[in-house]
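Visitor: just a sequence and a predicted model for now, questions to come.
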Amino acid sequence: MPELAQVVVDVPTMQTNQPYTYQIPPKLEKQIQVGVRVIVPFGKGKRTVQGFVVAFDKASQYEGELKPIQAVMDLQPVINSELMNLSKWLADTTYSFWISCLYTMLPNLLKAKTTRIIRIVDEVDEHIAFDIFHGRDELEMAEVQDKPAILSELFKLQKEGKITIEYQVEDRAKAKTVTGIRALLNFEQLEDERASLHANAHAQNRLLSYLQSIGSQVVKQKDAEHKTGLKAATFNQGQQKGWLEKTPVEVYRQPLAMQGPPDDAHLAAPLQLNADQQNAVNQINQAIDNHDPKVFLLQGVTGSGKTEVYLQSIANALHQGKTALMLVPEISLTPQIVNRVRRRFGSKVAVLHSSLSNGERYDEWRRIERGEAQVVVGARSAIFAPLTNLGLIILDEEHESSYKQDESPRYQAREVAKWRGKYNQAPVVLGSATPSLESRARAVKNVYHLLRLPHRVNKQELPPIEVVDMRDEIKKYGESNFSQKLLTELNDRLQKNEQSILMLNRRGFSSFMMCRDCGNVLKCPNCDISLTLHMDTRTMKCHYCGHEEPIPRECPNCHSHQIRYYGTGTEKVEQELHQLLPQARIIRMDVDTTRRKGMHAKLLRQFGQHQADILLGTQMIAKGLDFPNVTLVGVLNADTGLGLPDFRASERTFDLLSQVSGRAGRANKQGKVIIQTYNPDHYAIQDAKTHDYEKFFDQEMMLRRQASYPPYYYTVRLMASHPEEAKAARAMADIYGRLKQGLLSSTVILGPTPRAIARMKRRYYYQIVIKYKKDPYLHQLLFDILQDTQSRGFKDVQVSIDPDPQYFM
Ligand SMILES: Nc1ncnc2c1ncn2[C@@H]1O[C@H](COP(=O)(O)OP(=O)(O)OP(=O)(O)O)[C@@H](O)[C@H]1O
Ligand SMILES: [Zn+2]
């Protein structure tokens, strides 16, 4: 019997990756397992903190007094053994603290303090019910925690399925219930009741038959009313007569993305695959069947039917009795894909993503944990879904930067997927029309296995792309967001009753106020960035810290009234479009029109039902949309992202243009794309124009090699911040000294420099970027630096270490 437990504690001011050792008091012996949360005393005085049991320990190794664990919060581990292993690896490879990795894997509700509630679900012997529950049908874990005899009784009852033990947090997290009914009499007794009924008591007669038909089941009363056509009053009579009792039935909150799907009886059949799809499915299935943790790169042009390949591979995993995990970049942006998975696998599917309420997310998590859902679709953090027996992991749009978390722990979901694939002996499929350079380079080296879908399912060519030079347009026709060419094409689609998608690229771009007299730009008082004009709220907002102020009437610097609005917001473009094409019906999709829950899906549904001719939006409309009637895609400003100080600027521009172009002509009608740009000769735009991923890849790889960037080199970014600029700079200079001294001379250290947005949320930021191929000293040195940042010398300086950063702003 282990007597000691190692606990990773949650102490924000003093983090470490070393667990602390605690005594296991005899009364808690049965409850302490690896992966449960516990309350432990910490430091001097009476302070207690939450922590996770991560291992057991032998008493003999320790001398002196150890504190005892005070309480256990979970009866079963909330972190299973796979995730426990994963959390260790995660902390190690992302330079983060173990405790934050553990929390990252749990739904929010389990990060907060929770209590365990014990409920009776089946008949329990009367004396037990009395001893333990005192006549109630539920009680809190804390009430019995000190009573070992009662606890072991509870364990036994739980095993027998007579009680359940549930998490419960705050009100909104409580399991949601509706009224259910259950027969109190058996078949014969009900028959006897029928015999004594009045001849014209038809309703009661029907109720009795119904009760006979459900046996000992509990049925939701609403369902029962629906089935029998009886009124609630009849059920009340049944209750008074002692035929039935009412009892709460737990229902799971249905995430919005899942509302209104067909039930399991109407699941969609798989499509007949074309040869390329069949080849991909065969190879993936073979890996599933052989427990081969291969990584596939499924490179398929837009509209080539990648999703169908995913679905049929998932079906095979399920057929083998395994589970499957599918990640998409952002679920609310891609409701169509979620619906396709739901239509194929019905109630086996759980959906996890950030815009679920805490309660919904928790319910979905619990369905997965209990093995009630075998297919999980979700955004980045769903990679930690507690599925057991994983047979397949899919990352759709694998090149998306949203797969990297930009706060601690700074993990890349792609890497976590590979880790879980290995652990479960399951293949990983990375899918994209425009794979990241990193992934494609690995495929070239045969580290990943390349699968190709080079043609569209509809057997049509990818839509032709025309590039319009906006410099000429402005010379000829004056300032406008719309070239003559684009207007002509839009008009043509209106005539033909076809639809168009227009994208306004907002990356690195915003609408700001500038004084025409003194050139002053209105900036955020907390951040080194201009404020953005929002017409809907009539305010100026900071997109980093949320600061908000009224639109100024005069320049705060020189008091001139010549203050003007620059830049192009979606709203302004929408107004212009209304003037140019008054007959067009427009749906605008941007952060403002989609802030409310469910609005994405609603707007897309409206567009799908042809309630509008033009869908105008930001990047959020570039991905995953599959509308057969869309034959024109226009990109209003292709190049706003090209000027950003980031080595991935060209790659992102190429990806975005390829993705959005792919929305046109996906069914039987021919599509067309117009790209407006001020840099028509840039290779990212030229290669997107010819749909030439290979050419872009070669050119970009050459540039990356010349400049020693990924995938040839690895990068790490260190950042220090402090409210005083000098202190942030000094901390970074110190770190620079340690790096210079400790690392190989072949490792490149850039900086320290102020970061591109030097001030944010009232803090100044300095950064260092390390580029390296192999450096045996780097890992430990970075960990030492991380640990030192917890010491007093670093007071108020915050240091972060970001392996493989996605942005350098
Ligand atoms: N074998 C098939 N037979 C008929 N239709 C198919 C087949 N495979 C896919 N489709 C249909 O073709 C369309 C495009 O497929 P899908 O959306 O999976 O492409 P994709 O490769 O994921 O595209 P994108 O990268 O642009 O999102 C869908 O409407 C899908 O239902
Ligand atoms: Zn700000």
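Guide: Here it is on my side, so go on. Worth saying up front: this structure is predicted, and the values here are computed from it rather than measured. Residues are numbered from 1 along each chain as shown. Ligands and ions are numbered 1, 2, ... in the order given.

Visitor: how many residues are close by the residue nearest to His561 when sequence neighbours are not counted?
Guide: Nearest residue to His561, sequence neighbours excluded (CB to CB, 6 or more residues apart in numbering): Glu554, at 5.3 Å. Quick note: C-beta positions are derived from backbone N, CA and C, even for glycine. Counted with other CB atoms under 10 Å, the neighbours of Glu554 add up to 12.

Visitor: next one: the one 10 residues further on
Guide: If you count neighbours by other CB under 10 Å, Arg564 ends up with 9.

Visitor: going forward, the N-terminal residue is numbered 302.
Guide: With the count now opening at 302, the last piece we talked about shows up as Arg865.

Visitor: the residue nearest to His862 reaches Asn821, doesn't it?
Guide: No: at 10.7 Å, Glu855 does not count as touching Asn821 under the criterion of CB atoms under 8 Å.

Visitor: who are the contact partners of the residue nearest to His862?
Guide: Glu855 is in contact with 861-862, 864, counting by CB atoms under 8 Å, 6 or more residues apart in numbering.

Visitor: mind putting these into JSON lines with neighbour count and secondary structure?
Guide: Below are the contacts of Glu855 laid out as JSON lines (neighbours: other CB atoms under 10 Å; DSSP: H, G, I helix; E, B strand; the rest coil):
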{"residue": "Ser861", "neighbour count": "13", "secondary structure": "coil"}
{"residue": "His862", "neighbour count": "11", "secondary structure": "coil"}
{"residue": "Ile864", "neighbour count": "22", "secondary structure": "strand"}
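
Visitor: return the item of the residues you listed having minimum pLDDT.
Guide: For these, the weakest pLDDT value sits at Ile864, with 77.

Visitor: any idea how far it lies from Pro853?
Guide: Ile864 sits 6 Å away from Pro853, going by CB to CB, to the nearest Å.

Visitor: returning to what we had before: how near is the residue nearest to His862 to Tyr396?
Guide: Distance of Glu855 to Tyr396, computed by CB to CB: 48 Å.

Visitor: Pro630 too?
Guide: Distance, Pro630 to Tyr396, using CB to CB: 24 Å.

Visitor: quickly find the element holding the residue nearest to Ala923 when sequence neighbours are not counted.
Guide: Distances taken as CB to CB, 6+ apart place Val961 nearest to Ala923, at 4.1 Å, with adjacent residues excluded. Assigned by DSSP states H and E, Val961 falls within helix 950-962.

Visitor: also Phe998?
Guide: Applying DSSP H and E as the criterion places Phe998 in helix 994-1007.

Visitor: can I assume Val639 sits in a helix?
Guide: Yes: when classified by DSSP: H, G, I helix; E, B strand; the rest coil, Val639 is found to be part of a helix.

Visitor: hang on, it packs against Val677?
Guide: No: the criterion here is CB under 8 Å, and Val639 misses it with Val677 at 11.2 Å.

Visitor: what pLDDT does Gly899 get?
Guide: Per-residue pLDDT puts Gly899 at 79.

Visitor: any idea how far it lies from ligand 1?
Guide: 22 Å (CB to the nearest ligand atom, to the nearest Å).

Visitor: just name the shakiest helix or strand of the chain by mean pLDDT.
Guide: Every helix and strand of the chain was ranked by mean pLDDT, DSSP states H and E. The lowest is helix 471-474, at a mean of 40.

Visitor: any residues in contact with both of Val639 and Val677?
Guide: Val652.

Visitor: between these two, which is the more surrounded one?
Guide: Ranked by neighbour count (other CB under 10 Å), Val639 and Val677 place Val677 first, with 27 against 24.

Visitor: how about the more buried one: which residues does it bridge to?
Guide: Leu626, Ala651 (DSSP bridges).

Visitor: contact partners for it?
Guide: 624-627, 650-653, 669, 683, 686, 688.

Visitor: that one and Ile669, how far apart?
Guide: Noted for Val677: a distance of 6 Å to Ile669, by CB to CB.

Visitor: what residues are shared contacts of these two?
Guide: 651, 653, 686, 688.

Visitor: what's the spacing between the second one and ligand 1?
Guide: Look at Leu653 and ligand 1: by CB to the nearest ligand atom, they are 21 Å apart.

Visitor: how many other residues sit next to the nearest residue to that residue once chain neighbours are set aside?
Guide: Leaving aside its chain neighbours, Leu653 sits nearest to Gly679 (3.5 Å; criterion: CB to CB, 6+ apart). Using other CB under 10 Å, Gly679 has 25 neighbouring residues.

Visitor: what kind of secondary structure is Phe597 in?
Guide: Of the three states, Phe597 takes strand under three-state DSSP.

Visitor: show the subsequent helix or strand relative to the lengthiest helix in the chain.
Guide: Ranked by residue count and defined by DSSP state H, the top helix of the chain is helix 1026-1043. Toward the C-terminus, helix 1026-1043 is succeeded by strand 1049-1061 as the next helix or strand (DSSP H and E).

Visitor: ok, that following strand near ligand 2 or not?
Guide: No: using CB under 5 Å from the ion, strand 1049-1061 stays clear of ligand 2, with a minimum separation of 6.8 Å.
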